[in-house]
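A.B. asks: need a structure here:
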Amino acid sequence: MPWIVLLLAGLLEVAWATGLKQSEGFTRLWPSLFTLATMAGSFVLLAYSMRFLPLGTAYAVWTGIGTVGAAILGIMMFGEAVTPARVLCIGLIVAGIAGLKLSS
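C.D. replies: Now for the predicted structure:
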């Protein structure tokens with residue numbers, strides 16, 4: 001169960017990162033409120049999962065999910081560049097997340 005909670009926390013991190021972009025520096029009300037709500041939810045779920053998982057593993061997986069998810073959404077939603085180096089680096093992050101999960 002802690003791994004599922006951590007996955008949800010990571011997905012909320014992707015949501016708040018996207019909301020932060022949409023809020024335009026907290027100058028737009030609804031995207032700003034969405035960002036703050038998803039931030040709070042992400043932190044609460046991360047804190048819960050850390051009760052059962054090692055700190056380094058939980059935090060690295062959480063940030064990894066957020067990093068990969070934000071990079072993919074940046075490509076899909078905001079037209080960010082897709083380069084071989086970028087795809088390789090995203091793959092390395094995913095491999096690192098999988099390695100941490102398998103070693104915990």
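A.B. asks: Would you mark the buried spots in the lowest-mean-pLDDT helix or strand in the chain?
C.D. replies: Lowest mean confidence among the helices and strands of the chain (mean pLDDT, DSSP states H and E): helix 84-103, at a mean of 92. For helix 84-103, burial by neighbour count (16 or more other C-beta atoms under 10 Å) applies to 90, 93, 97, 100. Bear in mind the C-beta positions are built from the backbone N, C-alpha and C, glycine included.
A.B. asks: which pair in those residues spans the largest distance?
C.D. replies: Within these, 90 and 100 form the most distant pair, 16.0 Å apart (C-beta to C-beta).
A.B. asks: State the helix or strand in which residue 68 lies.
C.D. replies: Per DSSP states H and E: residue 68 is located in helix 55-78.
A.B. asks: Check which helices and strands that helix is in contact with.
C.D. replies: Contact here means 3 or more C-beta pairs under 8 Å, 6 or more residues apart in numbering; DSSP states H and E; on that basis helix 55-78 packs against helix 2-23, helix 29-49, helix 84-103.
A.B. asks: Tell me which residues touch residue 7, please.
C.D. replies: residue 65 (C-beta atoms under 8 Å, 6 or more residues apart in numbering).
A.B. asks: swap the cut-off to 10 Å and go again
C.D. replies: By C-beta atoms under 10 Å, 6 or more residues apart in numbering, the residues touching residue 7 are 45, 49, 61, 62, 65, 101.
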